[in-house]
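Peer 1: Predicted model follows, preceded by the sequence.
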Amino acid sequence: MPAAARKTAAVIGAGPGLGMSIAHRFGREGYAVALVSRSDARHAGYVASLAAAGVEAAAFVADVRDRDRAATALDAIGERFGAIDVLYYGPGAADLDVAPAPITSITSADVREAMEVVYPAVDLVGRVLPGMVERGEGGLLFAGGLSSVMPMPALGSLAISSAALRNYSLTLNAALAGKGVYAGSLIIGGLVERGDIHTHVLSRPERFGDVGIRTLDPDLIAGTAWDLYTKRDRPEVTISAFE
């Protein structure tokens with residue numbers, strides 16, 4: 001497909017679970033895919049998987065909490081593919097071995113740390129949104145947790161940052177009405193299969209017990225994300241294994 005006609009989806013927080021499912025779903029629709037994650041350790045496999053499916057893809061290294069590195073990654077994506085048409089934001093936990101303090105024990109420092117995943121979303125949107133508005137088309141998709149809409153005291157400060165990200169997405173959706181640009185929130189409740197958190201939990205049954213049916217298929221979530229973006233009939237969707 002000519003570069004001028006091809007659209008590009010940037011997957012921020014590319015991992016083996018939902019990130020790659022999003023990449024394959026948009027790739028199947030003809031999008032080129034730019035993958036961004038903290039390490040390049042798995043990038044070759046990711047790109048090969050997409051290439052085998054006929055998807056043009058490239059991978060870039062950046063921790064979104066490093067503002068300069070994240071900006072550099074977006075610049076590199078622009079040089080490689082041109083404009084970003086869809087930005088998916090779903091970075092995972094930095095340290096899976098550190099459990100959050102419950103809401104009754106958190107400090108303001110805990111909240112500031114949790115919010116470090118929200119600030120990059122604002123920075124990244126600030127870099128791609130003006131171009132989307134100018135072109136009159138584009139999309140922003142944010143992946144967040146069920147604690148943004150349901151009290152989950154055990155998640156502590158993570159519930160606060162999750163709610164903040166959701167509110168940011170909803171407010172963007174309202175502000176962009178009529179401009180051709182969509183913002184949508186994926187509220188996810190449950191372990192996403194094939195993801196790093198899912199693998200971590202399965203490897204420690206003595207700590208987490210039997211997860212049973214409390215898991216979600218990332219391909220189904222990615223399909224829902226595509227529907228949310230293309231139909232644009234609602235600002236958010238909840239996908240939960242607890243219903």
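Peer 2: It's in.
Peer 1: Hmm, R214 is touching E193, no?
Peer 2: No: under the criterion of Cβ atoms under 8 Å, R214 makes no contact with E193, lying 10.7 Å away. Yep, even glycine has a C-beta here, placed from its N, CA and C like the rest.
Peer 1: So these two - more neighbours on which side?
Peer 2: With neighbours defined as other Cβ atoms under 10 Å, R214 and E193 compare such that E193 has more, 20 against 13.
Peer 1: gap between stretch 138-150 and the chain center?
Peer 2: Distance of stretch 138-150 from its chain centroid, counting by Cα atoms, centre = their mean, to the nearest Å, is 8 Å.
Peer 1: tell me which residues in it are buried?
Peer 2: G138, G139, L140, L141, F142, A143, G144, G145, L146, S147, S148, V149 (16 or more other Cβ atoms under 10 Å).
Peer 1: for the last one, phi and psi?
Peer 2: Read that as V149. The phi/psi pair for V149 (degrees, to the nearest 10) reads phi -130, psi -10.
Peer 1: do the fourth one as well
Peer 2: Main-chain torsions, L141, degrees, to the nearest 10: phi -120, psi 130.
Peer 1: Next, name the residue at the spatial heart of this protein.
Peer 2: With distances taken as Cα atoms, centre = their mean, the residue of the chain nearest its centroid is G90 (1.9 Å).
Peer 1: Contact partners for it?
Peer 2: V11, I12, G13, L18, G19, I22, F142, A143, L186 (Cβ atoms under 8 Å, 6 or more residues apart in numbering).
Peer 1: May I see the residues you listed arranged in a markdown table, with secondary structure as well?
Peer 2: Formatted as a markdown table, the contacts of G90 follow (DSSP: H, G, I helix; E, B strand; the rest coil):
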| residue | secondary structure |
| --- | --- |
| V11 | strand |
| I12 | strand |
| G13 | coil |
| L18 | helix |
| G19 | helix |
| I22 | helix |
| F142 | strand |
| A143 | strand |
| L186 | strand |
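Peer 1: what's the closest of the residues you listed to S108?
Peer 2: Checking those against S108 by Cβ to Cβ gives F142 as the nearest, at 24.2 Å.
Peer 1: Mind picking out the helix or strand in this structure with the poorest mean pLDDT?
Peer 2: helix 205-208 (a mean of 54; mean pLDDT, DSSP states H and E).
Peer 1: buried stuff in stretch 73-86?
Peer 2: Buried residues in stretch 73-86 (16+ other Cβ under 10 Å): A73, L74, A76, I77, G78, F81, I84, D85, V86.
Peer 1: so of these, which ones are in helices?
Peer 2: A73, L74, A76, I77, G78, F81 (DSSP state H).
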